[in-house]
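Undergrad: Sequence plus predicted model, see below.
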Amino acid sequence: MRILLCFSVLIGIALAAPADVNVTGNWSGTVNMTRPDGSIREDTLLLILKQSGTEITGSAGTGADDQRPIQKGKIDGDKIALEIQDSENNRVVTFALVIAGDRIKGDVNISGNGETRKAKIDVVKK
């Protein structure tokens, strides 16, 4: 009985552990930004990611011709944290994302010039 119980616990732990995920590739979808007046502005988003271990590099922007490099990027299980220094517009963009099946979803905070804006993203691998 003890062996069966131990075996069941080990199987449960193995099934609960997140699978090794590699987010390398192009991810496209939408970003919905909340404006200061509370209205929502929808735009396209393209993440070009390269994962090496837990480090993520690459870029993000509205399309292939509008990309900003990722300065800090990390993945831990199903959670992704990215940071972009947008010096052209004097802003810092931080992403707090989660891999959900074949999608990456999450929150974006944009701060700079005395303002903070929030956005939601939803992208799929191309």
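TA: All right, it came through fine. Residues are numbered from 1 along each chain as shown.
Undergrad: residue closest to the middle of this protein?
TA: With distances taken as CA atoms, centre = their mean, Leu97 lies nearest the centre of the chain, 3.5 Å away.
Undergrad: mind listing what it touches?
TA: By CB atoms under 8 Å, 6 or more residues apart in numbering, the residues touching Leu97 are Lys79, Ile80, Ala81, Leu82, Ile104, Lys105, Gly106, Asp107, Ile121. C-beta: built from backbone N, CA, C; applies to glycine.
Undergrad: Bridge partners for the third one, pull those for me.
TA: Beta-bridge pairing of Ala81 under DSSP bridges involves Lys74, Ala96.
Undergrad: and it, how far is that from Ile110?
TA: Applying CB to CB, to the nearest Å, the value for Ala81 to Ile110 is 15 Å.
Undergrad: picking up where we left off before, the residue nearest to the centre of the chain and Arg91: what is the separation?
TA: Distance from Leu97 to Arg91, by CB to CB: 18 Å.
Undergrad: ditto for Val108
TA: In terms of CB to CB, Val108 sits 11 Å off from Arg91.
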